[in-house]
Structure formats: structure tokens, C-alpha cells
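# kindly return the folded structure for what I paste below:
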Amino acid sequence: MANIFLCSYFAQVATRINERIKFSGKNVVFIDTAAKFEEVNFYVGEAAEILEKLGAKLIRLDVSRAQNSAALVSEQDESFYGDEILAAISRCDVIYVSGGNTFYLLKELRKSRAAQAIKNAVKAGKIYVGESAGAIAAAPDTKYATLMDENSAKMSDFTGLNLVDFCVVPHFGCEPFTEATREIMAKFGDVCDLRAINNDEFIEA
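Predicted coordinates:
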């Protein structure tokens, strides 16, 4: 059974993903760090609301809240750092990673040690749902995304989480990424296994 679901726009495909994995009753670690400094971030609230309506219990996690550790913010606004948050990732049923800036996301995932925790959890069978930047981050290499996202984190190492052996190109043919996604396919199509999806599609792996 597939445990990795990669999409462009979660709100458009949530019902179909739910048919496969049933969010009801599941603990979902909800990582929205990629959208932290994005001017357009309505998709974060949409995804959280949809997951809760589907019966999931959300644990919101911003892996950038502390310089060298991650902070977990529960409904009681409690904060846990270091090994405790890594344990939270390993204990959850589903890891959801939102859209936003791919490179800021990867930088903070590495710095907080959440990247390795996510890899270990998915390898152990936990479900990973990546939306846009969260889908790109699952790839072995994310350099192709420099044509979509500003490398504001000034990263030189574009290694992704390597959860899959291909590279998702989200929002293919969709505004405002129409030109960027076609440019990615033209420039990187011969060197990467690119899988282009529009806002109504998702990939299971």
C-alpha cells in the first residue's frame, strides 16, 4: 500500500486521498514552515480545516521556531524542543508538509533535524502527504525548483528528503506557474525523472 502522496493543491485532491488512507482518527503532524514568509498562504488554512473535517487530529509543527531545534505548538500552546519533537514525528500517523518556499523548508528541516526524523518515519511506514513545496522536498534533488521558487535560503546543497526516486513538478500548466513549469520540463527533463502534475492531480508512491 502506498504511503506517500504528493500533490500540487491539497484542497483539490483531499477527498480522493482520504479514500485511500482515511484521515479520521489519525494524528497528523502538520508542518507549515514552507509558507511562513509567503504572502500567499491561504492553502495552509484550507488544508488544516479539511483535515480536521475529515476527522484528523492536528499537531501543528513549525520547525523554524528555534534556531537549532523544533517547537511543537499544541492547542495549549505548549512547546517541546529537541528530541521530544523528533519523537512526536515518529509517533504520528501522518506527516503533512505544506506548500511555500521549498528551499526555506529544506533548510529548516535540516537544521531542526526533522528531515532525518521524517525519512525514518516514512521508511517505517508512516504516511507522508506533501503539497507543492512539500511534494518537491520529497525528491532526491530539488535544484529544478529554483525556476519556481526563490532560493532565499541561499542553499548550495539541493538534496531533498529522497523519499521517492523522482521529482514532482507541481502546478504544471497552472497560473502563476505556467511558464516556470514548462521551463523546468525543458531544462531538466533530460537529467531528472520529472513527474508533472496539475492542481487536480496527485501521485501515490
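
# and the average pLDDT for stretch 93-101 is what?
Taken as a whole, stretch 93-101 has an average pLDDT of 97.

# go through it and flag the buried ones.
Within stretch 93-101, the residues that count as buried by 16 or more other Cβ atoms under 10 Å are 93, 94, 95, 96, 97, 98, 99, 100, 101. Heads up, the C-betas are built off the backbone N, CA and C, glycines and all.

# low-scoring stretches of the protein, by residue?
65-84 (pLDDT under 70).

# that one: helices as residue ranges?
Per DSSP state H, the chain carries helices over the ranges 10-21, 42-53, 83-91, 102-111, 114-123, 133-136, 178-188.

# nearest residue to the residue nearest the centre of the chain in space, please, no chain neighbours.
For the chain, residue 134 is the residue whose C-alpha lies nearest the centre (Cα atoms, centre = their mean; 2.0 Å). Spatial nearest neighbour of residue 134, excluding adjacent residues (Cβ to Cβ, 6 or more residues apart in numbering): residue 97 at 3.1 Å.

# against residue 156, how distant is the one you found?
22 Å (Cβ to Cβ, to the nearest Å).

# isn't residue 159 right next to residue 140, touching?
Yes - the pair residue 159 / residue 140 is scored as a contact, 7.2 Å apart, by Cβ atoms under 8 Å.

# in a markdown table: the helices of the chain, plus distance to residue 204.
Converted to a markdown table, these look like this (distance: least, Cβ to Cβ, whole Å):
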| stretch | distance to residue 204 |
| --- | --- |
| helix 10-21 | 7 |
| helix 42-53 | 18 |
| helix 83-91 | 21 |
| helix 102-111 | 21 |
| helix 114-123 | 13 |
| helix 133-136 | 12 |
| helix 178-188 | 21 |
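
# for those helices, which one sits closest to residue 148?
Minimum separation from residue 148 across the helices of the chain (Cβ to Cβ) falls at helix 178-188, 4.7 Å.
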